[in-house]
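In: structure here, sequence nowhere to be found:
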């Protein structure tokens, strides 16, 4: 499967944010469903091109919840490209404490971000310069989006862009819009994301659940 170079750029920009999950789990109440591991097949034009995992671990004694996302995708754009994503987001008492994110293509780092709460505000670092993200407490981000339905909120935080992104509700779907003009639609069941889609000019990217526990 071949793509243009611009298509590769679009792919790198959105894979981290899209999630499609099957509805194969029990229809219990949201509070009763406690999953800590989600694995997805990444698909482009109905062909599996990689995988993504999202894990959730807790440290009750510290009041911490850690969300880790790992993804690896292989696409053919004249030559083969191995694209890897990793995100680590730590929440303490429901608020983001720190986060890290990076993208690598064929082993070379393409994007990087680091966010820390200083006690008064969030400071971001992109590998070149620091940025003042502000003092607004972050309670929802892309990092925990797969485990936490964004009910009743108008924005959530992007670890990659180090910015707040608007969230709108349209029927059964939540639409998250990103600073680069792209958006992803999400659908939930029992508080877990079960469907999402990011459309591009020539194709769409979906993530489909392969394993959940």
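Out: Sure, I can see it. These numbers come from a predicted model, not from an experiment. Numbers count the residues shown, from 1 in each chain.
In: in the chain, which spans are strands?
Out: Counting by DSSP state E, the chain has these strands, from start to end: 37-44, 47-59, 64-77, 79-92, 95-105, 108-117, 122-125, 130-134, 155-158, 163-170, 173-177, 183-189, 192-199, 204-212.
In: I'd like those laid out as TSV, including distance to residue 142, mean pLDDT and mean neighbour count.
Out: Placement of C-beta: from N, CA and C, glycine included. TSV is the format used below for these (distance: least, Cβ to Cβ, whole Å; pLDDT from 0 to 100; neighbours: other Cβ atoms under 10 Å):
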stretch	distance to residue 142	mean pLDDT	mean neighbour count
strand 37-44	14	90	20
strand 47-59	10	94	16
strand 64-77	8	93	18
strand 79-92	7	95	18
strand 95-105	9	97	19
strand 108-117	11	97	16
strand 122-125	14	99	18
strand 130-134	14	98	13
strand 155-158	5	98	21
strand 163-170	8	97	15
strand 173-177	8	93	18
strand 183-189	10	85	20
strand 192-199	11	81	20
strand 204-212	13	86	18
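In: select, out of those, the one closest to residue 149.
Out: strand 183-189 (4.3 Å; Cβ to Cβ).
In: what sits against the nearest residue to residue 173 once chain neighbours are set aside?
Out: Leaving aside its chain neighbours, residue 173 sits nearest to residue 185 (4.6 Å; criterion: Cβ to Cβ, 6 or more residues apart in numbering). By Cβ atoms under 8 Å, 6 or more residues apart in numbering, the contact set of residue 185 is 170, 173, 174, 175, 196, 197, 198.
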